[in-house]
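# Next come a sequence and a model predicted from it.
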2 protein chains.
Amino acid sequence: MNKERFNRVTDELIRSLQEVVGNANVLTEKFDLEPYSHDETEDFVFYPEVTVKPVSTAEVSEILKLCNEHTIPVTTRGGGTGLSGGALPVYGGVILSTERMNKIIEIDRENFMATVQPGLITYALHQAVEAEGLFYPVDPASKESCTIGGNVAECAGGPRAVKYGVTRDYVFGLTCVLADGQIFKTGGKLLKNVTGYNLTQLIVGSEGTLCVVTEIILKLIPLTQHKRTMLAPFDSLSDAAKALTDIFNSKIVPRAAEFIEQRAIKAAEEKLGKPFPHSDRAALLLFEIDGNRADLLDEQAENIGEICLAHNAVDVFVADSKEKQEELWQMRRNIGEAVKSIAIYKEEDTVVPRSRLPELVEKIASISKKYGILTISYGHAGDGNIHVNIIKKDISDSDWDNKLPHVIEELFREVVILGGSISGEHGIGWVQKNYLPLALSHVEIELIRKIKEVFDPKGILNPGKIFPDS
Amino acid sequence: MNKERFNRVTDELIRSLQEVVGNANVLTEKFDLEPYSHDETEDFVFYPEVTVKPVSTAEVSEILKLCNEHTIPVTTRGGGTGLSGGALPVYGGVILSTERMNKIIEIDRENFMATVQPGLITYALHQAVEAEGLFYPVDPASKESCTIGGNVAECAGGPRAVKYGVTRDYVFGLTCVLADGQIFKTGGKLLKNVTGYNLTQLIVGSEGTLCVVTEIILKLIPLTQHKRTMLAPFDSLSDAAKALTDIFNSKIVPRAAEFIEQRAIKAAEEKLGKPFPHSDRAALLLFEIDGNRADLLDEQAENIGEICLAHNAVDVFVADSKEKQEELWQMRRNIGEAVKSIAIYKEEDTVVPRSRLPELVEKIASISKKYGILTISYGHAGDGNIHVNIIKKDISDSDWDNKLPHVIEELFREVVILGGSISGEHGIGWVQKNYLPLALSHVEIELIRKIKEVFDPKGILNPGKIFPDS
C-alpha cells in the first residue's frame, strides 16, 4: 500500500461532497483542517485534503461511493484521542468526522440495550444510562472527549476491564457502510445469536479499516449501588506485584486494579500542581471494588487491605466518599498526559497474562538500564496491560534515534516471550504496524490482509494502518 | 457448492491417512462409520467415506493437507450432539473426529484460564475447574456428551447465558489449522488484546467452515458459593411473560430464567416416568440465582417470588438443597429429547429481544392455529431464546410436507420483524441454511461467503453448511 495508489481530491469532488452534506460541513481551509491533522499520538501531523461531516448513514454511504469511485483515502475520526495514530490521515484524502453523529438514539430499559451514533462522547453515555440505574462500564482515561465510535474502532478498554471486560463485550449490533457505499447491519438486541459469522466482532477493533460504523447497539448492565476506592503504596515494585497476585488468588475480582510507578505519580503531581499521598513510594496500587451491599464491600476492602499489608504495603487508604474517590481517579487519568509532557516520548501499550506482570516489570527495568534510557510505566495491572513510556530525557537526538527502535523491539520480543502482545487497548494503527510480525505469524497477517480486501478492495479505508509496510 | 466438485476417497488416500494417525484410527467399515453418520438433528443420516481420529495439531495438519490436495470434504465432529446438522458429512468424504483430543492441557489458577483440546467433554471441564474453586459457566443441555470444540464451533449457549454470556465470551485464544494444513494461533491468556483483527471471535460460531480448532484457551471466573433454584407455575402464558419482564426491570439478573410450556412439561414427565410439580399449569418459569452471600440470595429469591405472585403465579417453590435443584434441572434438560420422542418434529431455535417474548409466544400460537399444527415451546426466556418444536402429530404425511415450509418461513419472518434472528445457539448448519436470507442481507451473506473463501479456497471444510444453496 503506498501513497501513489491514491488520487488527489479535486474541486469537482469537493462540489459533490458539498452536495451530499452541505457547504458548511465540508472543510478545505488549512486553518479549519488543523484540528483534524493530529490525534493524541506523539507529535505526528498529517493534514487531510478535506474534512467532511455527515449526519446520517445515507450521507456516509454517498461520501464513500464518491471516494471509492475516485480512489481517495478516507480516514474516519471520532474524538481524535487515539494513541496509535488511528485517526491520522497519513495519505491525505478525506477525514470523515463523526462529530455531528453524536446522538443517543434509544436507551431500551427493558432489554438493557442502548443504540447510539458513533460520534457520541463516551462520558455522555455514562451519564445518560446511569441516570436510569444502568451502567456502561467501559471507561478509557479519555472518556470525556473520546467517542463510542472510536472506542469500537480500537476496542477500547480502561481500568474497569478487569471485572467488566472491554468494548467488544458490550457491542451487540452495528450499522456499517462498506467502502463502496453499501450499507449493512450486524447482530441486534440479542443476547444469543449464531446466524452466520460474527461480523460484529470482526469489525470491533478493526481500526476503521474494514468499514465505517454509523450506529452501535450496546449492552448495558444494572448499575451497582456502592463502591470503594483504595490506595496502597509500596516501597518495592515486586511486593506490589505479589500483593496483586494474591488478591486475585483470593477470588476477589476488583473492578479496577491499577499499577502506578513512582515517576508517573510525580509527573501527575506536577501537572495537577497538588501533592498526592505517598508519592515518594516506589509504586502505588489503586483498587476499586463495587457491589450492591455496603457491608460486603467493607469486608472485601478489609481483605484487600490485609493482603497488601502482608506484602509490606506502607499503608492502605480507603476512599469511601465520592469526592475522595474522584480525586484518586483524577490523578490516575492525568498520568498519561503528565508523563507525555516531560519530554519527547514513545508509548507502548504492552499486555501480558496477569501473572507475568512481575517479570514484565523486571524486563522493562533491565532494558531501561541496558540502553540508559528513561521509562515510566503505569496501567491496568489487573489485566496485565501496562503502558510503558520511553522518555527522551538527558540523551542526545542521535542517541534517541539510534536506541529507540532497539528498545521497542527488545521490549516487544520480551512481551511475546511472556505470552503477551504488543497492544492491549490502543490498537496497532500507524505507530506499531511494522512491529506486527513480532506478535502475529505470517499466516495470521495474510488472513487479515485478505479479509481487508474482501471489505475494501481498493484499500481506501484508513490506509497505512495495522498492516506492516511490505 | 455442489457434490460434484469433490473427489471420492481413494484407497491410496486411506493408506496415507493411516500413515498419519495409525491404522486403528482410520475407520472405513459401514458398521464402524454408523455412529458418525448422524448427530442429534432430526432423523438425518449421511455416511462419511472414512472417519479419522487424530491426536495432535500436527496430525490434523497432515490430514487437511491430504484432503485439500485431493479436494475431499472434511467435516469436523465433536460430541455429535448438534441440533442444526453441523456434524453431518452431507457430501461424504472425511469425518475428522476430535474424540482422542480430549485433554485439559492446563488449568492456570493465577490467570483464571484453562487451555483444553477440542474433544474435551464440557461437563468434564466443569468438574475439573469447580474442584479448584473456579467456574466455566456455559452449560448446554447436552453438557454430559457435547465437547468444548463443538461448543466453540456453534457458539453454544445454555440457561446461564442470561447472566454469564455464551461460549464466545470465554474464548480468548485458539490454535487452528487451515484447510491447506497451515497452523496458526490467535489471542492468548490476555484480557485485553487489539493486535490485528479479532480472528478468535470470527472463528467462534463459524461451524467448522473456516478452519479446524485444535486448542482452546478459555477464561474462567471465581465460582460463586451459593445458589437458589426457583419454580413458579402460571395459569396464563402472558402472566408468566409479564412476571419475567418485571423481574429484569427490578435489576435482578438471575443466572437462569427458563420458560416451559405445559406440553413440554408433560412430555418430560412421560419420558422420566415421574410426576412433576404443577405440570397441569399453562407455563412454568424456572429461575436460578447465585452469589457469595446466602442472606442476599434469600432476599433476591423473596423479591422474585413476590413479583411472580403479583402476576398471578399459582405458587413459588424454592429449591435450596442440591438434590432438589438437580431434580428441577434434570427435568429441564430432558425436555428436548422428550418433546422429540412424541413424533416426527422440526425444531427452530428462535431468538428475539427479551422484551418481545410475549409477542413471540402469541405469534407462535397464532401460526400454530392457522396451520392446524402442534407446536411445543420452551427455552431460555432470559435471553429471548425460545426453542419452538413443530410436531407431526395427527396430520397426514402430505399435510406435513405441504405445511411445514410455510410454518417455518412464517415463524422466521415474525421473528425478524420482532428484531430477532433464526438461530440463538444451535447454529445455521444444514437445516436452516436456506432460510439465512430471511435474517441476513445480501451484502452480509456476500461478505461471509468471501471470508469463507479466504480461509478455505477449495471449500473442503464442512461443505453444505451455513450458506444457502444458490
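Nice, thanks for sending it over.
# what ranges do the strands span in the stretch 101-250 of chain A?
A:104-108, A:113-116, A:134-135, A:171-177, A:183-187, A:212-219, A:221-222, A:226-234 (DSSP state E, counting those that start in this stretch).
# partners of the third one, with directions?
This means strand A:134-135. Sheet partners assigned to strand A:134-135 using DSSP bridges are listed as strand A:221-222 (antiparallel).
# mind showing which ranges of chain A have poor pLDDT?
A:1-2 (pLDDT under 70).
# Which secondary structure elements does whichever helix in chain A runs longest sit against?
Longest helix in chain A by number of residues, with DSSP state H as the criterion: helix A:397-417. Applying 3 or more C-beta pairs under 8 Å, 6 or more residues apart in numbering or on different chains; DSSP states H and E, one finds that helix A:397-417 contacts strand A:345-351, helix A:357-371, strand A:385-391, helix A:436-439. For glycine as for every other residue, the C-beta is placed from the backbone atoms N, C-alpha and C.
# Can you show me the CA trace of it as CSV?
Extracted in CSV, the C-alpha atoms of helix A:397-417 (Å, rounded to 0.1, in the frame of the first residue of the first chain):
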residue,chain,number,x,y,z
ASP,A,397,18.9,13.3,19.4
SER,A,398,21.2,10.8,17.7
ASP,A,399,21.3,8.6,20.8
TRP,A,400,17.4,8.6,20.8
ASP,A,401,17.2,7.9,17.1
ASN,A,402,19.7,5.0,17.4
LYS,A,403,18.4,3.4,20.5
LEU,A,404,14.7,3.8,20.3
PRO,A,405,14.0,1.1,17.6
HIS,A,406,16.1,-1.4,19.6
VAL,A,407,14.4,-0.6,22.9
ILE,A,408,11.0,-1.1,21.4
GLU,A,409,11.9,-4.3,19.6
GLU,A,410,13.5,-5.7,22.6
LEU,A,411,10.5,-4.8,24.8
PHE,A,412,8.1,-6.4,22.3
ARG,A,413,10.1,-9.5,22.0
GLU,A,414,10.1,-9.9,25.8
VAL,A,415,6.4,-9.3,25.9
VAL,A,416,5.7,-12.0,23.3
ILE,A,417,8.0,-14.4,25.2
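# got the angle between that helix and helix A:357-371?
150 degrees (axes from the mean of the first three to the mean of the last three C-alpha atoms, to 10 degrees).
# ok, and what's touching helix A:397-417?
A:344, A:346, A:348, A:350-352, A:360, A:363-364, A:367, A:370-373, A:388, A:390, A:392, A:395, A:421-422, A:435, A:438-439 (C-beta atoms under 8 Å, 6 or more residues apart in numbering or on different chains).
# Next, the angle strand A:385-391 makes with it.
Using the same axes, to 10 degrees: helix A:397-417 against strand A:385-391 is 160 degrees.
# all helices for the stretch 151-300 of chain A, in order.
Along the stretch 151-300 of chain A, the stretches classed as helices by DSSP state H, counting those that start in this stretch are A:161-164, A:199-203, A:237-249, A:262-272, A:294-310.
# Of all the strands of the stretch 101-250 of chain A, which one is nearest B:Phe317?
B:Phe317 lies closest to strand A:221-222 among the strands of the stretch 101-250 of chain A, at 25.6 Å (C-beta to C-beta).
# can you redo the helices of the stretch 151-300 of chain A as CSV with mean neighbour count and distance to chain B?
CSV is the format used below for the helices of the stretch 151-300 of chain A (neighbours: other C-beta atoms under 10 Å in any protein chain shown; distance: least, C-beta to the nearest C-beta, whole Å):
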stretch, mean neighbour count, distance to chain B
helix A:161-164, 23, 6
helix A:199-203, 24, 4
helix A:237-249, 21, 6
helix A:262-272, 19, 19
helix A:294-310, 17, 6
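# Now render those helices as TSV, adding distance to B:Leu404.
Shown next, in TSV, are these (distance: least, C-beta to C-beta, whole Å):
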stretch	distance to B:Leu404
helix A:161-164	44
helix A:199-203	30
helix A:237-249	53
helix A:262-272	66
helix A:294-310	53
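# A:Gly85 is nearest to which of these?
helix A:199-203 (19.7 Å).
# so how far is the closest one off the chain centroid?
Remark: helix A:199-203 is offset 17 Å from the chain centroid, using C-alpha atoms, centre = their mean, to the nearest Å.
# Show me what it packs onto, helices and strands only.
strand A:171-177, strand A:183-187, helix B:199-203, helix B:442-455.
# now the ones you listed as CSV including distance to A:Phe234?
Converted to CSV, these look like this (distance: least, C-beta to C-beta, whole Å):
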stretch, distance to A:Phe234
strand A:171-177, 37
strand A:183-187, 44
helix B:199-203, 35
helix B:442-455, 48
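# so which strand or helix has A:Arg333?
helix A:322-340 (DSSP states H and E).
# closest to B:Leu66 out of the helices and strands packed on helix A:199-203?
Among the helices and strands packed on helix A:199-203, the nearest to B:Leu66 by C-beta to C-beta is helix B:442-455 (18.0 Å).
# which helices and strands sit right next to that closest one?
Looks like helix B:442-455 contacts strand A:183-187, helix A:199-203, helix A:442-455 (3+ C-beta pairs under 8 Å, 6+ apart).
# For A:Val162, which of those is the nearest?
helix A:199-203 (20.3 Å).
# got the CA coordinates for the closest one in PDB?
The C-alpha trace of helix A:199-203 is given here as PDB (Å, rounded to 0.1, in the frame of the first residue of the first chain):
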ATOM      1  CA  LEU A 199     -19.100  -9.800  11.700                       C
ATOM      2  CA  THR A 200     -19.800  -7.600  14.700                       C
ATOM      3  CA  GLN A 201     -16.800  -8.800  16.500                       C
ATOM      4  CA  LEU A 202     -14.600  -8.800  13.400                       C
ATOM      5  CA  ILE A 203     -15.400  -5.100  12.900                       C
END
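# what's the helix or strand for A:Thr51?
strand A:50-52.
# other SSEs contacting that strand?
Using 3+ C-beta pairs under 8 Å, 6+ apart as the contact test, the elements touching strand A:50-52 are helix A:11-21, strand A:26-27, helix A:30-33, strand A:94-97.
# tell me the most buried of these?
Of the helices and strands packed on strand A:50-52, the one with the most neighbours on average (mean count of other C-beta atoms under 10 Å in any protein chain shown) is strand A:94-97, at a mean of 26.
# same for that one, what does it pack against?
Strand A:94-97 sits against strand A:50-52, helix A:57-69, strand A:74-77, with contacts defined as 3+ C-beta pairs under 8 Å, 6+ apart.
# Let me have the ones you listed in CSV, extended by mean neighbour count.
Below are these laid out as CSV (neighbours: other C-beta atoms under 10 Å in any protein chain shown):
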stretch, mean neighbour count
strand A:50-52, 24
helix A:57-69, 21
strand A:74-77, 27
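# which one of the ones you listed lies closest to B:Lys266?
Among the helices and strands packed on strand A:94-97, helix A:57-69 comes nearest to B:Lys266, with 48.8 Å by C-beta to C-beta.
# what residues does stretch A:455-467 touch?
A:1, A:5-6, A:64, A:67-68, A:71-76, A:85-86, A:90-91, A:93, A:178-179, A:207-212, A:427-430, A:433, A:436, A:445, A:448-449, A:452-453, B:196, B:447.
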